[in-house]
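no sequence for this one, just the structure:
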C-alpha cells in the first residue's frame, strides 16, 4: 500500500516584525555562555499527514490553503510548504 | 564581507508522544471541511544567526549543544539541525 503523503509547513514571523520570544532566547543563551549567537527567531512547524489516496495536486492546493488561512497569519507571518514521503 | 552563518533547528515531539495540540488543530481543520487531513503534529522551529567569523566546526558543535540542552527536551522531543547561508 502507498504511504500517506506528508507535508511540512513552516511558519515564521516576517523579518520586519519584532520577535520578543526569540530575543529572550538569545538573551538566555548569552547568559549561558553562548556568546557567538547574534540572533534567534522562533517559528512554528507543522507536520501534516494526508489521507492515503489523495492526489498530489489536490493535496498541494489544500495544504497551501490551510497554511494561508489557518496556520499562519499572512499579515505578520511568512510560511513555507514542503512535501515529503 | 561574509554573511553571518545561519542554522535552523527543528524540534518536534517524538512519534510515540501524544500531541494534543496537533490533535486539536486536526479537529479544527476537519470542522472547516479539510477532511483529507489524517493527522497534524506541531513542533517548534528556531532560526539562529551566528556572529560573523565563527568557523563552521565550532558553530556546528555549539548549535548541536544548544539544541540538545536548551531548545529541545530530549526525553520527549527529537531535534534536527540544518545549516544554510
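Yep, that arrived. Note that the coordinates shown come from a computational prediction; the quantities given were computed from them, not determined experimentally.

what's the one helix or strand residue A:41 maps to packed up against?
According to DSSP states H and E, residue A:41 maps onto strand A:37-50. Other elements packing on strand A:37-50 under the criterion 3 or more Cβ pairs under 8 Å, 6 or more residues apart in numbering or on different chains; DSSP states H and E are strand A:6-13, helix A:20-31, helix A:56-66, strand B:6-13, helix B:20-31, strand B:37-50. Every C-beta, even on glycine, is put in place using the N, C-alpha and C of the backbone.

Within its sheet, name the partner strands of that strand and how each one runs.
When pairing is defined by DSSP bridges, strand A:37-50 lines up against strand A:6-13 (antiparallel), strand B:37-50 (antiparallel).

That one to helix A:20-31, inter-axis angle?
With axes from the mean of the first three to the mean of the last three Cα atoms, to 10 degrees as the basis, strand A:37-50 and helix A:20-31 are set at 130 degrees to each other.

by how many degrees do strand A:37-50 and helix A:56-66 diverge?
Using the same axes, to 10 degrees: strand A:37-50 against helix A:56-66 is 130 degrees.

ok, which residues in chain A are in contact with chain B?
Listed as neighbours of chain B in chain A under the rule Cβ under 8 Å from any Cβ of the partner chain: A:4, A:10-12, A:22, A:25, A:28-29, A:32, A:34-52, A:54, A:58-59, A:62, A:66, A:70-71.
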